[in-house]
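Engineer: Need the 3D shape of this:
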Amino acid sequence: MANNDTVNNETPDTRERDRMLSGELYIADDPYLHELGRRRRALQQQINTSAWDAFDERARLFHELFGAFGEGSYIEPPFRCDYGCNTFIGERFYANTDCIILDVATVTIGDDVFFGPRVALYTPYHPIDADIRSMQLEGGLPIRIGSNVWFGGNVTVCPGVTIGDDVVIGAGSVVTKDIPSHSVAVGNPARVVRGIGGDDRAYWSARVDEYRAWRDAR
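Structural biologist: Purely as a prediction, here's the structure:
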């Protein structure tokens with residue numbers, strides 16, 4: 001199935017999907033969402049069962065799965081998502097194994113973003129009231145991640161969070177609120193512990209110079 005609004009050559013009823021993407025309560029029980037789910041499962045299975053060296057095949061499958069998948073991006077299988085078509089990834093993205101993106105709302109990721117293993121982006125939310133929750137009503141809020149961002153392993157990002165540019169999120173952190181650009185955040189819930197600035201650039205530039213000198217001397 002192509003990544004568009006046609007199912008079996010017919011114009012589908014997308015009203016539940018539209019509510020889902022708008023952040024309103026919806027129930028994922030209509031034929032259109034089921035078809036999107038079947039499409040995702042098929043592509044996901046092909047990705048996760050492909051040969052270890054089938055890099056071109058996986059690149060093609062990821063381009064088909066996602067709303068956008070930028071040049072030079074790569075995801076280590078296994079990988080799982082809700083729909084895929086609601087995720088938009090920039091250039092030179094890398095995700096280590098066991099990445100999960102639950103994209104019932106839009107997920108936007110910038111350029112040069114690196115994920116450690118077992119990073120999870122969760123856009124869905126569920127009603128606090130148990131009686132309402134048992135009616136299978138749920139919603140979703142978008143996640144936005146800027147460029148030049150690094151997540152350590154086992155980072156979890158919750159619904160509705162925006163993370164700026166040039167951010168480092170420490171391993172094991174649970175991000176429940178927005179994180180501003182040029183900062184390091186760690187913990188559960190994640191909190192900004194310091195900024196990123198010129199001293200960091202000078203320190204790491206010196207480390208690079210040392211490495212290059214070592215290489216040249218070999």
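Engineer: So, low pLDDT: which residues of the chain?
Structural biologist: 1-10 (pLDDT under 70).
Engineer: For it, which segments count as helices?
Structural biologist: With DSSP state H, the ranges of helices along the chain come out as 15-22, 31-48, 55-65, 130-133, 198-217.
Engineer: Please name whichever of the ones you listed is nearest to Val149.
Structural biologist: Closest approach to Val149 among those is made by helix 198-217 (14.5 Å; Cβ to Cβ). All C-beta atoms are positioned from the backbone trio N, CA, C, and that covers glycine.
Engineer: Centre of the chain to the closest one, how far?
Structural biologist: 31 Å (Cα atoms, centre = their mean, to the nearest Å).
Engineer: Kindly reformat the helices of the chain as JSON lines containing mean neighbour count and distance to Glu71.
Structural biologist: Shown next, in JSON lines, are these (neighbours: other Cβ atoms under 10 Å; distance: least, Cβ to Cβ, whole Å):
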{"stretch": "helix 15-22", "mean neighbour count": "16", "distance to Glu71": "26"}
{"stretch": "helix 31-48", "mean neighbour count": "16", "distance to Glu71": "18"}
{"stretch": "helix 55-65", "mean neighbour count": "16", "distance to Glu71": "10"}
{"stretch": "helix 130-133", "mean neighbour count": "10", "distance to Glu71": "41"}
{"stretch": "helix 198-217", "mean neighbour count": "9", "distance to Glu71": "25"}
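Engineer: Using JSON lines, lay out these together with distance to Gly140.
Structural biologist: Output for the helices of the chain, formatted as JSON lines (distance: least, Cβ to Cβ, whole Å):
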{"stretch": "helix 15-22", "distance to Gly140": "6"}
{"stretch": "helix 31-48", "distance to Gly140": "12"}
{"stretch": "helix 55-65", "distance to Gly140": "18"}
{"stretch": "helix 130-133", "distance to Gly140": "15"}
{"stretch": "helix 198-217", "distance to Gly140": "35"}
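Engineer: That'll do, ta.
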